[in-house]
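# Show me how the following folds:
(one chain, ligands or ions: 1)
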Amino acid sequence: MQRVLAVYAHPDDPEVSCAGTLARWADEGAEVHLVICARGEKGTQDPDVDPVELARVRGAEADAAAAVLGLASHENLGLPDGEVDNTLELRGRLVERIRSLRPDVVVSCDPTAVFFGSRYVNHHDHRGVGFAVLDACAPAASSPLYFPEAGAPHRVPTIYLSGTLQPDTWEDIGSTLDRKVEALRCHRTQVGEDLELVGEVVRRRAASAGSEAGLAHAEAFRVLGL
Ligand SMILES: [Zn+2]
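Numbering: from 1, shown residues only. I've put the predicted structure just below:
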C-alpha cells in the first residue's frame, strides 16, 4: 500500500473512526491523505457559540491531530455543517482528488449504517459523505466520461468503510492506540476537558473491537475489493 485517501464529514470523524489504522499505515510508509468535507461550525450544544469562530478553532484542532497521526496532507472542503449531501459537485471534487492522488485505498464511512442500537441515529453528513465517496470511486473516478476535466481515470481497488454494522476486517492498532487517543484529545471543542475519560473510552472501544478478532486493540471496517 503506497497511498491512502480518507474522506470524512467532520474534523474529528477520522480520529473517532480510523485514526489508529491511518497512523499505522503512515508508520509503515504509506502516504496518508485526508479530506474533510464540512467545517464543523454547528458542532456544539451552546447557542451562544459563534459558528465562524468554532470553525476556525476546529480547523486548528484538525491541524494538530493530523500532525500527531503523521498525515501527508489534510484539507477541508468548506461545506456547511449538516449539509453534506451526495451532490454532483461533491462527487466531482472527490473524483478530482482521487484522480490526482491515485490512492490504493480509500477510507470513509459506511453510509448504509443508519441506526446503532436504539440510541443513536448516524449523522446525516456521515451518510452523505459515505454515499458520495462510494459513487466517486465506482464508477466515476475510473470512467473517463465522468468528470472528463478532473484528470486521468483511476480505479480505486480497495475501499475501507468505518462506522459499519457489517464489519469484516479488523486492523490491529496496538502500536498506535496512544496516538489515536492523543489525536482525539486535540479536538477539545468536541471531547471536552476530561482527557482521562477520552483515553478510557477510546481504549475500551478499541478493546471491544479487538475482541471480535483476537486482537488486544483494533478498529473494525467493512472492506470492498473492486
Ligand atoms: Zn461527524
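# Could you pull out the helices in the protein for me?
13-17, 19-27, 51-69, 88-101, 124-137, 177-185, 188-191, 195-211 (DSSP state H).
# closest to residue 169 out of the ones you listed?
Nearest to residue 169, of all the helices of the chain, is helix 19-27, at 9.8 Å by CB to CB. (C-beta placed from N, C-alpha, C; glycine too.)
# returning to what we had before: quick one, which of the helices of the chain is nearest to the ion?
The ion lies closest, by CB to the ion, to one member of the helices of the chain: helix 13-17, at 4.2 Å.
# avg pLDDT for that closest one?
Mean pLDDT, computed over helix 13-17, is 97.
# Ok, stretch 91-107 next?
Rounded mean pLDDT across stretch 91-107 is 98.
# can you give me the offset of that stretch from its chain's centre?
14 Å (CA atoms, centre = their mean, to the nearest Å).
# same question, stretch 57-77
12 Å.
# buried ones in it?
Neighbour counts using 16 or more other CB atoms under 10 Å place 57-58, 61-62, 65-66, 68-71, 74, 76-77 of stretch 57-77 among the buried residues.
# which of the helices of the chain is buried the deepest?
Highest mean neighbour count among these (mean count of other CB atoms under 10 Å): helix 13-17, with a mean of 27.
# and the residue nearest to residue 207 when sequence neighbours are not counted, what does it touch?
Using CB to CB, 6 or more residues apart in numbering and skipping the chain neighbours, the partner closest in space to residue 207 is residue 217 (5.9 Å). The neighbours of residue 217, taking CB atoms under 8 Å, 6 or more residues apart in numbering as the test, are 20, 172-174, 177, 203, 206-207, 209-210.
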